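**Q** attaching a predicted model along with its sequence, questions to come.
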Amino acid sequence: MWKYDGSRRPPFAEVAGESQESVWDYPRPPRLEHDSRRVVVRHGDVVIGDTTAAIRVLETASPPTFYLSPDDVDRKRLVTAFGTSFCEWKGVATYWSVDAEGDFLTRVGWSYEDPMPGFEEIAGYFSFYPAHLECTIGSVRVEPQPGGFYGGWVTPEIVGPFKGEGDTGWW
């Protein structure tokens, strides 16, 4: 089904500017990349995570997903949520809800407790949906990946189109 794997862009790919990345240059299977920019995840005044040592997961057709070390996340605010999902590359995801001083946000984050080979580095790390929490990279507020299911972090430095947008099921 996937004929694009980061080795060439499809004809419908947006043109990346000088300081931009095309999601069509990301590999399949995904690549892990360390990122030293400040990443903050919050709900109102409540900081859920704050790091300068995030790991980005870069996968063809998807905006990067940022993972934060458990040492940089306020784990007292996390509550295991119902359900799991399966990623063909990373394995079984555990979902997390957040208790943010009176606001309870259901299934707004996830982690891979026992990821598949090649992704062991993100074991126990947390990622969060920017559709439900305020996520920033440096001073840039992240937009959510379209479609509601995927957790990619869209910023002006990333061009698509992205998996999850309308009529992308055939990718």
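**A** Happy to help now that I have it.
**Q** for the most centrally placed residue in the chain, grab phi and psi.
**A** The C-alpha lying nearest the average C-alpha coordinate of the chain belongs to Thr65 (C-alpha atoms, centre = their mean; 2.1 Å). Dihedral pair for Thr65: phi -110, psi 130, per degrees, to the nearest 10.
**Q** likewise Pro70?
**A** phi -60, psi -20.
**Q** burial count for it?
**A** By other C-beta atoms under 10 Å, the residues close to Pro70 number 13. C-betas here are computed from N, CA, C, even on glycine.
**Q** what number of residues lie near the residue lying closest to it once chain neighbours are set aside?
**A** Excluding its sequence neighbours, the residue lying closest to Pro70 (C-beta to C-beta, 6 or more residues apart in numbering) is Gly124, at 5.1 Å. Using other C-beta under 10 Å, Gly124 has 16 neighbouring residues.
**Q** roughly how far does Gly124 sit from Thr60?
**A** 25 Å (C-beta to C-beta, to the nearest Å).
**Q** who does the closest residue to Ile122 other than its chain neighbours bridge with?
**A** In this structure, Ile122 finds its nearest non-sequential neighbour in Tyr67, 4.9 Å apart by C-beta to C-beta, 6+ apart. Using DSSP bridges, the bridge partners assigned to Tyr67 are Ile55.
**Q** residues contacting Tyr67?
**A** Counting by C-beta atoms under 8 Å, 6 or more residues apart in numbering, Tyr67 touches Ala54, Ile55, Arg56, Val57, Ser111, Ile122, Tyr125, Phe126, Ser127.
**Q** rerun at 6 Å
**A** Going by C-beta atoms under 6 Å, 6 or more residues apart in numbering, Tyr67 touches Ile55, Ile122, Tyr125, Ser127.
**Q** tabulate the residues you listed in CSV, adding columns for neighbour count, distance to Arg77 and secondary structure.
**A** Putting the contacts of Tyr67 into CSV (neighbours: other C-beta atoms under 10 Å; distance: C-beta to C-beta, whole Å; DSSP: H, G, I helix; E, B strand; the rest coil) gives the following:
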residue, neighbour count, distance to Arg77, secondary structure
Ile55, 20, 21, strand
Ile122, 19, 20, helix
Tyr125, 25, 16, coil
Ser127, 26, 15, strand
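**Q** out of those, which is nearest to Phe162?
**A** Ser127 (16.2 Å; C-beta to C-beta).
**Q** surely the closest one is in contact with Thr65?
**A** Yes: shown here, Ser127 and Thr65 form a contact pair, counting by C-beta atoms under 6 Å, at 5.3 Å.
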